[in-house]
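Undergrad: got a predicted structure plus its sequence, pasted below:
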Amino acid sequence: MSTAQSAEHAARRAQDSAPLRTLARVGYAASGVLHLIIGFLAVQLATGDSSGSASESGALQQLSEAPGGAVALWVAAIGLGALALWHIVEALLGVPGSESAKQTAARVKAAGKGVLYAVLAFLAGRYASGGSGSGGGEAQEGFTAQILQLPGGQLIVGAIGLVIIGVGVFHVVKGWRKKFLEDLRTSGPGAVGKAVVRLGQVGYIAKGIALGVLGGLFVLAGVQSDADKAGGLEDALKTIQDQPFGAVLLILTGVGIAAYGVYSFARARYAKL
C-alpha cells in the first residue's frame, strides 16, 4: 500500500470513528447556540437595545461572559474543530452519496464548510482562553482594504461579493425547496419531524437573505473602491434595518436566524454522518 493510500485509509478510518461523529454533532449544536445568540442580538438591534455585536464574534463574546462560558466555549471549539475536520476529509477524499458528475461541486462546498467551521473553532478557542477577536465589520474592512491595494483588487473584492451573494441565494433556494432534508435522516425510527422542516425553511431563507446583503456590501466596496463599504454580518443586518420598515424586517430576520439555530440542534441529532 502506497503512502497516499495509507493516508487516505487513515483519514477515512478517522472519519468513520464514533468519537469524531459525536464531536461533529456537538459542532452542529455549538453552531445552533451561536445562531440563537446572533438572532437575539439582531432583534435587540432592531429595538434599539443592543447589548453586543450581532455577529459571530459578538455571539462568542456574549457566551464568554455567561456563567461557565469558558467551558462552553472550549466544548464549542472542540466540536466545531471536529466538524471542520469532517468536511475537510470529504473535500480531500470525496463526498459519499454524491453523484460522480456533482462530486467536484460537492468537494468545493465541503472545503468551504471546513474552512468556515475551522475559523469558528479558532475564534471559540481564542475567546475561551481569555482573548478577543476583532469586530466583524472592522476585520472585514481591513481585509477588503488589503485586497483593494492589489492589482485588480476591485475585481477581486467584487468577485468575493458575488460569491457571497451566490451562497446566500443557495441558502434561500435550499430552504424554499427543502433541499436541506438531503442532509438529514428523513425515514425510519427517529426521523426528522415537520417542526424541524419548518424551522429549517425559515432559518435557511433568513440566513440566505443576510448573506445576500453582506455580499452586496462587498460588491459595492469593489465598485466604489472603498473598503468602508464592506463589513461583517452586523453591517448587513444594519443595512436591512435602514430599509423602509427596516425594524420589522430586521426582527423577522433575527427570528429567522434564531430558527436556524434551533434547526441546528435538530441537525445535531438527525444529520447524516
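TA: Ah, there it is.
Undergrad: residue 156 belongs to a helix?
TA: Yes: assessed with DSSP: H, G, I helix; E, B strand; the rest coil, residue 156 lies in a helix.
Undergrad: return the residues in contact with it.
TA: Counting by C-beta atoms under 8 Å, 6 or more residues apart in numbering, residue 156 makes contact with 147, 150, 222. (Glycine included, C-beta is placed from N, CA and C.)
Undergrad: for those residues, pick the one with the most neighbours.
TA: For the contacts of residue 156, neighbours were counted using other C-beta atoms under 10 Å, and residue 222 has the most, 25 neighbours in all.
Undergrad: now that residue. Its backbone dihedrals?
TA: Dihedral angles of residue 222 (phi, psi; degrees, to the nearest 10) stand at phi -70, psi -40.
Undergrad: swap in residue 121?
TA: Torsion angles, degrees, to the nearest 10, at residue 121: phi -60, psi -40.
Undergrad: do you know how far it is from residue 246?
TA: 33 Å (C-beta to C-beta, to the nearest Å).
Undergrad: then residue 82?
TA: To residue 246, residue 82 is 38 Å away according to C-beta to C-beta.
Undergrad: sorry, back to before: so which of residue 121 and residue 246 has more stuff around it?
TA: residue 121 (22 against 16).
Undergrad: circling back to that earlier point, redo the contacts of residue 156 as CSV? Include distance to residue 65 and pLDDT.
TA: What follows is these, written out as CSV (distance: C-beta to C-beta, whole Å; pLDDT from 0 to 100):
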residue, distance to residue 65, pLDDT
147, 33, 84
150, 38, 82
222, 36, 85
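Undergrad: any chance of JSON lines for those residues, columns distance to residue 117?
TA: Shown next, in JSON lines, are those (distance: C-beta to C-beta, whole Å):
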{"residue": "147", "distance to residue 117": "23"}
{"residue": "150", "distance to residue 117": "27"}
{"residue": "222", "distance to residue 117": "27"}
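Undergrad: which residues touch residue 233?
TA: Per C-beta under 8 Å, 6+ apart, neighbours of residue 233: 38, 54-56, 136, 210, 214.
Undergrad: which of those count as buried?
TA: 38, 54-56, 136, 210, 214 (16 or more other C-beta atoms under 10 Å).
Undergrad: show the subsequent helix or strand relative to the helix or strand hosting residue 240.
TA: Assigned by DSSP states H and E, residue 240 belongs to helix 233-241. Downstream of helix 233-241, the first helix or strand assigned by DSSP H and E is helix 246-270.
Undergrad: packing partners for that following helix?
TA: helix 18-47, helix 194-224, helix 233-241 (3 or more C-beta pairs under 8 Å, 6 or more residues apart in numbering; DSSP states H and E).
Undergrad: pick out the shakiest of the ones you listed, pLDDT-wise.
TA: Of all these, the minimum mean pLDDT falls on helix 233-241 (a mean of 87).
Undergrad: residue 203 against residue 255, yeah?
TA: No: the pair residue 203 / residue 255 is not scored as a contact, 9.6 Å apart, by C-beta atoms under 8 Å.
Undergrad: between those two, point out the one with more neighbours.
TA: Remark: of residue 203 and residue 255, residue 203 carries more neighbours, 27 against 17, as counted by other C-beta under 10 Å.
Undergrad: got a list of what the residue nearest to residue 165 when sequence neighbours are not counted touches?
TA: Take residue 165 and drop its neighbours on the chain: the residue closest to it by C-beta to C-beta, 6 or more residues apart in numbering is residue 215, 3.5 Å away. Contacts for residue 215 (C-beta under 8 Å, 6+ apart) come out as 160-168.
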